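A.B. asks: Need the 3D shape of this:
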Amino acid sequence: MDSGFSRHMRIFLCATACALMLGCASSQRVVSSADNILRLHVIANSDSAADQTVKLQVRDAVLACIEPGESAAETRAYLMEHGAQLQSAVERTLRENGFDYGAQLLLGSYDFPDRTYGNTLYKAGEYEALRIVLGDGAGQNWWCVLFPPLCIVTTEDEAPMETDEIVFESTILNWIRDWRNAS
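C.D. replies: Numbers count the residues shown, from 1 in each chain. The predicted model follows:
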């Protein structure tokens, strides 16, 4: 009887430890409120390879011009103050790459799907964004978070940034291992 109880107790403790480890191991931060968040959304003219390529060149030109503030409100103010310069950068990029269509820059609230940046999940919902519509705006889009500044741009040839390894340690798991080794 004692060995049956002991076996059930071990199973219970292991199941509890596993559940706790799975629940505690997630380091993902979830953002469910659009407060103090400002996104960038670039929509290509079409899905042609050329339009998709210029969309990324426009993205790069715009990001090179933007200086995020200490809040979404400061970043919004910067966008409003420098809107003409941003429009010029977009149009110059289009012309330099042989495109004759224009672009619209719009600042407003738009629906976005779930998106993860690093270890932060931005839940689907309505967010304020600088939306840049190239030509007909009928192609695939690209977006990021301008504030807090999370527009991470890498090409396929670039290796992703190395990050410090995160090590999780469970007090309960250590206790079970110590208890098992003592038995």
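
A.B. asks: Check V145 and give its pLDDT.
C.D. replies: With respect to pLDDT, V145 scores 87.

A.B. asks: Can you tell me how far it is from T120?
C.D. replies: 9 Å (C-beta to C-beta, to the nearest Å). Where you see a C-beta, it was placed from the backbone N, CA and C, and this is true even at glycine.

A.B. asks: Mind checking which of the two has more residues around it?
C.D. replies: Between V145 and T120, V145 has the larger neighbour count (other C-beta atoms under 10 Å), namely 23 against 14.

A.B. asks: Give the residue spans of this structure that score low on pLDDT.
C.D. replies: Using pLDDT under 70 as the threshold, the predicted model of the chain has low-confidence ranges 1-28, 32-33, 152-171, 173-174, 183.

A.B. asks: got a list of what C65 touches?
C.D. replies: 82, 85-86, 89 (C-beta atoms under 8 Å, 6 or more residues apart in numbering).

A.B. asks: List the single closest residue to the most centrally placed residue in the chain in space, sequence neighbours excluded.
C.D. replies: With distances taken as C-alpha atoms, centre = their mean, the chain has Y117 as the residue nearest its mean C-alpha position (2.4 Å). Leaving aside its chain neighbours, Y117 sits nearest to L150 (4.5 Å; criterion: C-beta to C-beta, 6 or more residues apart in numbering).

A.B. asks: Restrict stretch 80-97 to CA atoms and write it as CSV.
C.D. replies: Extracted C-alpha coordinates of stretch 80-97, given in CSV (Å, rounded to 0.1, in the frame of the first residue of the first chain):
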residue,chain,number,x,y,z
MET,A,80,3.0,65.2,-38.3
GLU,A,81,5.9,67.8,-38.4
HIS,A,82,8.0,65.8,-40.9
GLY,A,83,5.2,64.4,-43.1
ALA,A,84,6.2,66.3,-46.2
GLN,A,85,9.8,65.0,-45.8
LEU,A,86,8.6,61.5,-45.4
GLN,A,87,6.3,61.8,-48.5
SER,A,88,9.3,63.2,-50.5
ALA,A,89,11.5,60.2,-49.3
VAL,A,90,8.8,57.8,-50.5
GLU,A,91,8.3,59.4,-53.8
ARG,A,92,12.0,59.8,-54.4
THR,A,93,12.5,56.1,-53.7
LEU,A,94,9.8,55.2,-56.1
ARG,A,95,11.2,57.5,-58.9
GLU,A,96,14.8,56.3,-58.4
ASN,A,97,13.6,52.7,-58.9
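
A.B. asks: my read: L146 touches E74, true?
C.D. replies: No: assessed by C-beta atoms under 8 Å, L146 is found out of contact with E74, at 10.9 Å.
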